[in-house]
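Undergrad: here is the input, now give the coordinates:
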Amino acid sequence: MKNKSFIKFEINEQKKIVINFFELLSNIDGCYEIKVIFIDGNKQFVIDGDIASHIFTSFVYFLKKVLNNALLLHDSIGDKIGYLWTQYCFYLFDEDLLKQEFVYDKDGWIGMHYLLWGDELGVWLYNNKEGEIILEVTPWYKGPCVEDGDYSLYEKFLKEYKTYCVIKLSKDLVKQWLDKAEEVLAILEENTRIQHVEKK
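TA: Residues are numbered from 1 along each chain as shown. Below is the predicted model:
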């Protein structure tokens, strides 16, 4: 594992998530910037870019939650999580309207609990009512918000909106992902500890 510059999380024959370290894993610590890429056949989409410790800590957290059936999709969301996310982003500065239209908890819109990654596409992970683990990939709105006064791109995006894919993941596969992600996180933490010792 330490001699890899990327790691793959296979979904099926066509689709996979690749996390690119750009360096050998043995050479980076938790503060190193990495990229997460969703691959579908010959198409590639960046779905996140952040420091390695954030990426893997979040990934491990999500995987543990869905394995414990602890990320049940809220009834208010149904099959529209990416569509609702677009509306939420567009009206982000109109809090009164959002609180009328969206279900909130102490952390904000309830749908945020399922957002694993987002950049060129959004990637959501949750449990359905049957306790199955669902990975949903959706378009990702990056246009102006309501404050800008331009509704054209937003309306066009919603009109053309179509969920990219919804995939049921087996528990065995998710356990394999978790084992891999925890191994990487442990290496990152050890590398970070060594870096700190060497700087003293």
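Undergrad: return the helix or strand in this structure with minimum mean pLDDT.
TA: helix 95-101 (a mean of 78; mean pLDDT, DSSP states H and E).
Undergrad: helix or strand right after that helix?
TA: strand 104-105 (DSSP states H and E).
Undergrad: the following helix or strand past that following strand: how far from the chain's middle?
TA: Moving toward the C-terminus from strand 104-105, the next helix or strand (DSSP H and E) is strand 108-109. The chain centre lies 17 Å from the centre of strand 108-109; the measure is CA atoms, centre = their mean, to the nearest Å.
Undergrad: and the very next helix or strand once past strand 108-109, what other elements does it pack with?
TA: Per DSSP H and E, strand 108-109 leads on to strand 115-118 as the next helix or strand towards the C-terminus. If you count contacts as 3 or more CB pairs under 8 Å, 6 or more residues apart in numbering; DSSP states H and E, strand 115-118 packs onto strand 43-51, helix 52-67, strand 121-127. C-beta here means a position set from N, CA and C on the backbone, and glycine is covered the same way.
Undergrad: work out the gap between strand 115-118 and the centre of the chain.
TA: Using CA atoms, centre = their mean, the offset of strand 115-118 from its chain centre is 2 Å.
Undergrad: circling back: which one, of the helices and strands packed on strand 115-118, ends up nearest to K171?
TA: Evaluated with CB to CB, the helices and strands packed on strand 115-118 place helix 52-67 nearest to K171, the distance being 6.4 Å.
Undergrad: next secondary structure after that closest one?
TA: helix 81-90.
Undergrad: quick one: average pLDDT of that following helix?
TA: Averaged over helix 81-90, pLDDT sits at 90.
Undergrad: equivalent analysis for stretch 55-71, please.
TA: So the average pLDDT for stretch 55-71 ends up being 98.
Undergrad: buried ones in that stretch?
TA: I55, F56, T57, S58, F59, V60, F62, L63, K65, V66, L67, L71 (16 or more other CB atoms under 10 Å).
Undergrad: how about the fifth one: what's its closest non-neighbour residue?
TA: It refers to F59. A181 (4.9 Å; CB to CB, 6 or more residues apart in numbering).
Undergrad: now the closest residue in space to C31 that isn't next to it in sequence, which residues is it bridged with?
TA: Leaving aside its chain neighbours, C31 sits nearest to I51 (5.2 Å; criterion: CB to CB, 6+ apart). Judged by DSSP bridges, the bridge partners of I51 are E33.
Undergrad: ok, I51 touching K35?
TA: No: counting by CB atoms under 8 Å, I51 stays clear of K35, with 11.3 Å between them.
Undergrad: what's the angle from the helix ranked longest in the chain to helix 52-67?
TA: Longest helix in the chain by number of residues (criterion: DSSP state H): helix 171-199. Here helix 171-199 runs at an angle of 150 degrees relative to helix 52-67 (axes from the mean of the first three to the mean of the last three CA atoms, to 10 degrees).
Undergrad: roughly how far out does helix 171-199 sit from the chain middle?
TA: That offset, for helix 171-199, works out to 18 Å (CA atoms, centre = their mean).
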